[in-house]
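J.: Sequence and computational prediction follow.
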Amino acid sequence: MIERLSALWQTLVALPLFGLTLTLAVYWLCDRLYRRMRYLPLLNPVLLSIVIVIGFLLATDVSYPAYFNGAQFIHFLLGPATVALAIPLYSQFRKVRALFLPLMLSLFIGSAVSIISAVLLARCMGASVPTLLSISTKAATTPIAMGIAEHIGGIPSLAVGMVIIAGISGAMGYRFLCKRIGVHDPVAQGFAVGLAAHGVGTARALQVDPQSGAFAALAMSLNGLLTALLAPLLLPWLLR
């Protein structure tokens with residue numbers, strides 16, 4: 001009986017829909033809990049889903065390649081979902097044009113500070129050069145961060161980890177931080193969280209306010225491009 005159940009389980013794991021179904025089911029449950037608890041930051045559905053899926057894979061001894069065989073469909077949708085963020089941004093086009101110069105200045109300063117502060121802090125803690133190169137991409141969205149890390153000699157998988165940590169922590173804490181320092185403008189809040197916490201922060205901003213989400217999408221997109229340009233220029237100076 002046990003052997004039959006084991007064989008059945010191995011068959012289910014090998015199905016392409018296994019990883020997809022697991023991911024969607026876990027995220028749906030976590031999102032329901034998040035909404036029921038009135039958007040408690042510590043119950044962020046992305047964070048909870050990651051913890052639960054990792055725990056499940058470890059407990060059931062399912063390899064990551066077997067899981068990703070199905071979950072890759074969600075990974076594929078990351079690109080189209082990012083492009084779709086142009087829709088709420090288009091509705092705010094007039095305001096973007098009116099605030100163009102302040103936004104660009106904030107973008108440049110924020111992107112540079114993100115790279116410099118991350119690298120210097122990690123360097124003070126004794127991180128290796130590949131780690132420093134990887135962590136410099138933490139404010140870029142995942143596909144861009146992976147490409148930058150690979151190009152400059154970093155570790156793409158570590159870069160993804162740093163991106164996820166930055167995204168989740170930013171999405172969890174940005175409203176509290178903005179409230180504490182007296183920033184109440186949805187444009188400023190959205191642009192800040194999009195710049196620092198990319199896709200995860202943008203998704204949270206869209207839940208809070210459509211205008212905030214639109215400017216978060218703008219910051220996320222532009223910061224990915226600017227990080228790709230600034231990181232190779234700043235890193236030789238930071239690693240001396």
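T.: Perfect, thanks for sending it.
J.: quick one: pLDDT of G173?
T.: G173 is assigned 89 on the pLDDT scale.
J.: Mind listing what's buried along stretch 68-79?
T.: Within stretch 68-79, the residues scored as buried using 16 or more other C-beta atoms under 10 Å are N69, G70, A71. From N, CA and C alone the C-beta is placed, and that goes for glycine too.
J.: Walk me through the domains of this protein.
T.: Here the domain parsing of the chain from automatic domain parsing is 2-76, 83-238.
J.: ranking these by mean pLDDT, which is last?
T.: When I compare those, domain 2-76 is least confident, with a mean of 84.
J.: For the spatially most central residue of the chain, which residues are in contact?
T.: Closest to where the C-alpha atoms of the chain average out (C-alpha atoms, centre = their mean) is G167, at 4.1 Å. Neighbour list for G167: V46, A197, H198, G199, V200, G201 [criterion: C-beta atoms under 8 Å, 6 or more residues apart in numbering].
J.: For the residue lying closest to it once chain neighbours are set aside, the count of nearby residues, please.
T.: The shortest distance from G167 to any non-neighbouring residue, by C-beta to C-beta, 6 or more residues apart in numbering, is to V200 (3.2 Å). When neighbours are counted by other C-beta atoms under 10 Å, V200 registers 25.
J.: Verify the stated contact: V200 with S169.
T.: No - the criterion here is C-beta atoms under 8 Å, and V200 misses it with S169 at 9.1 Å.
J.: quick revisit: state the distance from the residue nearest to the centre of the chain to N223.
T.: 12 Å (C-beta to C-beta, to the nearest Å).
J.: any residues in contact with both of these two?
T.: Counting by C-beta under 8 Å, 6+ apart, the shared contacts of G167 and N223 are H198.
J.: one step back: so which elements touch the helix or strand where the residue nearest to G167 lies?
T.: In this structure, V200 sits in helix 186-208 according to DSSP states H and E. Packing partners of helix 186-208 (3 or more C-beta pairs under 8 Å, 6 or more residues apart in numbering; DSSP states H and E): helix 78-84, helix 100-124, helix 156-180, helix 210-238.
J.: Let me know the angle separating it from helix 100-124.
T.: 70 degrees (axes from the mean of the first three to the mean of the last three C-alpha atoms, to 10 degrees).
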